[in-house]
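[1] need a structure here:
(one chain, ligands or ions: 1)
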Amino acid sequence: MTTFVATWREPGEVAIRNAWARRQKGGSLLDCLEHGLAEAEWDASLLAIGRGALPNADGEVELDASIMDGATLEAGAVCSLRGILPAISVARRVLESTPHVMLAGDQARRFALAQGFEPTNLMTPENIARYEQWCEQNRPGMLHHVHAVGQHVGDTITMLGLEAPGHVAAASSTSGLPYKLPGRVGDSPIVGAGIYADDEVGAAGATGWGEELWKAVASFRAVEQMRRGASPQEACEAVVRQMLRRQPKSRQLACAVFAIDLQGRVGGAVTEGEFPVWTCRDGELSLTVHRALET
Ligand code: ASP
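    The predicted structure is shown next:
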């Protein structure tokens, strides 16, 4: 049995279908997570990640991505990567071809170019028009990321994978919060915050307001809850309840956590609004919508 779990309704479906397609061709868990996210990055019709995603306050798309292998705890990540697709494949290259975990900004781009990735224009007529409209309504030069509060649009896909009898992996790709301050990095490329995977326990991922999720070290915390015996649902709820208690700001914008254990049980929880999560069990897709926890 192979199980994939992916965040957000529209982009998540694209990623999870492509992950499963790669699985049917014999791909490893890491291959499938990378392929699923890469296909969603290339898809300019998705207002989510990669090409066509909403840019930063300078009108440039800056990408963050990470991938982690639960068998070895090896991980690779990139942040503030500009003009290169797919960011998730560059993250995987960091995992496999360097002794490091993360490369950042212009030097991540330089690494990608040296690895054979092509420079790519990530701005489409649609996201240029959205950016121009945003500029008319906002004053460039301010601390832009605050404008994103209350406007979560699902600009990230985080995906988990499990193969019997007990191997997990996790990956995430994002354009970050829309119109973020240039150089801002959220939880998604941070191991422990945006993703975590450990074959001793299971895997977890996060999406939503990256600053709050990072402060909560949300994914690692969920995995550690499961290590202590919690089910994935109990683990995610514990993380979200702690955020609501200790980080009152986390109510302002969705902060979502989801997890899978080695038995294939899946859970999810969110601080605000709705959190749709796709599950694919040997090709069978289902969508679960988690609603904000009552406090
Ligand atoms: N967590 C991402 C970030 O803060 C955004 C998202 O999940 O939508 O960069």
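
[2] so where's the stretch 101-250 of the chain shaky on pLDDT?
    139-154 (pLDDT under 70).

[3] now Val257: how far from the ligand?
    From Val257 across to the ligand, the span is 11 Å (C-beta to the nearest ligand atom, to the nearest Å). Every residue, glycine included, has its C-beta placed from N, CA and C.

[4] surely that residue and Ala204 touch.
    Yes - at 6.4 Å, Val257 counts as touching Ala204 under the criterion of C-beta atoms under 8 Å.

[5] which of those two has more neighbours?
    The neighbour comparison of Val257 against Ala204 (other C-beta atoms under 10 Å) goes to Ala204, with 36 against 32.

[6] quick one: what helix or strand has the more buried one in it?
    strand 202-208 (DSSP states H and E).

[7] following that strand, which helix or strand comes up?
    Counting by DSSP H and E, what follows strand 202-208 is helix 210-216.

[8] so what touches that next one?
    For helix 210-216, the surrounding residues in contact (C-beta atoms under 8 Å, 6 or more residues apart in numbering) are 174, 176-177, 185-188, 190, 193-194, 206-207, 239, 242-243, 246-247, 249-250, 253, 255, 257, 271.

[9] interface residues of the stretch 101-250 of the chain facing the ligand?
    155-156, 174, 176-177, 186-188, 207-210 (C-beta under 6 Å from any ligand atom).

[10] make TSV from the residues you listed and add neighbour count and distance to Ala230 to it.
    Compiled in TSV, these are given as follows (neighbours: other C-beta atoms under 10 Å; distance: C-beta to C-beta, whole Å):
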residue	neighbour count	distance to Ala230
Asp155	24	29
Thr156	32	24
Thr174	32	27
Gly176	29	30
Leu177	27	29
Gly186	27	25
Asp187	32	21
Ser188	32	24
Thr207	30	20
Gly208	27	21
Trp209	28	23
Gly210	29	24
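
[11] in JSON lines, list those along with distance to Ser80.
    Output for those, formatted as JSON lines (distance: C-beta to C-beta, whole Å):
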{"residue": "Asp155", "distance to Ser80": "15"}
{"residue": "Thr156", "distance to Ser80": "15"}
{"residue": "Thr174", "distance to Ser80": "11"}
{"residue": "Gly176", "distance to Ser80": "9"}
{"residue": "Leu177", "distance to Ser80": "13"}
{"residue": "Gly186", "distance to Ser80": "11"}
{"residue": "Asp187", "distance to Ser80": "14"}
{"residue": "Ser188", "distance to Ser80": "12"}
{"residue": "Thr207", "distance to Ser80": "18"}
{"residue": "Gly208", "distance to Ser80": "19"}
{"residue": "Trp209", "distance to Ser80": "18"}
{"residue": "Gly210", "distance to Ser80": "13"}
